[in-house]
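Participant: sequence-free structure coming up:
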């Protein structure tokens, strides 16, 4: 069964305004173990139906585009909902200082092609969302990337086996960093395989 947000899932904005504070608080709790920092600049935010539902509603609430905006938001965010045999993450370079951001991103072209999740002997390579090319001809990368990690049944079994370490890594020559995924994060992300 395809997991997606449909028009029927969208609350009227007046109703969303009433529950917005509570929904945002719920989401903070859900996102706690879906966030992984790697190195000095990168944070991965592993997406789910809930995070995308919230994102769609926030875009509609803030931009106030009405009915016409809904179709565009669903088209933009439904591809970022895991479909049972994958993890999907937003990879963000979070560099506040503009000159440093320009310098770092300017030497990281193709970084999105070097991201892996390694569980024991299993290596799952991230594939970039192909909505736009996020590396310029000059070799500058975007500060935001959307990555899909396609898992086989064996990969999923290994991911659920907490006795094996799971490592999220970036292997670009200009940014080689990794982070061990905690048991709490793995348990939260394993729900995406159901």
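Facilitator: Nice, I can see it. Bear in mind the structure is a predicted one, so any value in this text is a computation, not a measurement.
Participant: Please state the offset of the helix or strand where residue 75 lies from the chain centre?
Facilitator: Using DSSP states H and E, residue 75 sits within helix 66-77. Mean-position distance between helix 66-77 and its chain equals 19 Å (Cα atoms, centre = their mean, to the nearest Å).
Participant: What ranges does this protein have for its strands?
Facilitator: Listed in chain order, the strands of the chain (DSSP state E) span 35-38, 42-46, 86-93, 115-119, 122-125, 127-128, 144-150, 166-172, 175-180.
Participant: so what strands line up beside the last one?
Facilitator: Translated: strand 175-180. strand 166-172 (antiparallel) (DSSP bridges).
Participant: can you give me the angle the partner strand makes with strand 42-46?
Facilitator: With axes from the mean of the first three to the mean of the last three Cα atoms, to 10 degrees as the basis, strand 166-172 and strand 42-46 are set at 130 degrees to each other.
Participant: Strand 166-172 to strand 115-119, inter-axis angle?
Facilitator: Using the same axes, to 10 degrees: strand 166-172 against strand 115-119 is 150 degrees.
Participant: What are the contacting residues of strand 166-172?
Facilitator: 36, 38-39, 42, 44, 108, 110-111, 114-119, 159, 176-181, 186 (Cβ atoms under 8 Å, 6 or more residues apart in numbering). (Each C-beta comes from the backbone N, C-alpha and C, glycine too.)
Participant: Then stretch 74-89?
Facilitator: 2-7, 44-49, 52, 55-56, 90, 117, 126, 129, 131, 146-153, 156, 189, 192-194.
Participant: and the end-to-end length of it?
Facilitator: One end of stretch 74-89 sits 17 Å from the other (Cα to Cα, to the nearest Å).
Participant: Just the buried residues of it, please?
Facilitator: 74, 77, 78, 79, 80, 81, 82, 86, 87, 88, 89 (16 or more other Cβ atoms under 10 Å).
Participant: Just the local confidence number for the second one, please.
Facilitator: Spelled out, it's residue 77. Looking at residue 77, its pLDDT is 94.
Participant: in the sheet, who's paired with the spatially most central residue of the chain?
Facilitator: Taking Cα atoms, centre = their mean, the centroid of the chain lies closest to residue 89, which sits 2.1 Å from it. Going by DSSP bridges, residue 89 is paired in beta bridges with residue 46, residue 147.
Participant: Thanks again, I'm all set now.
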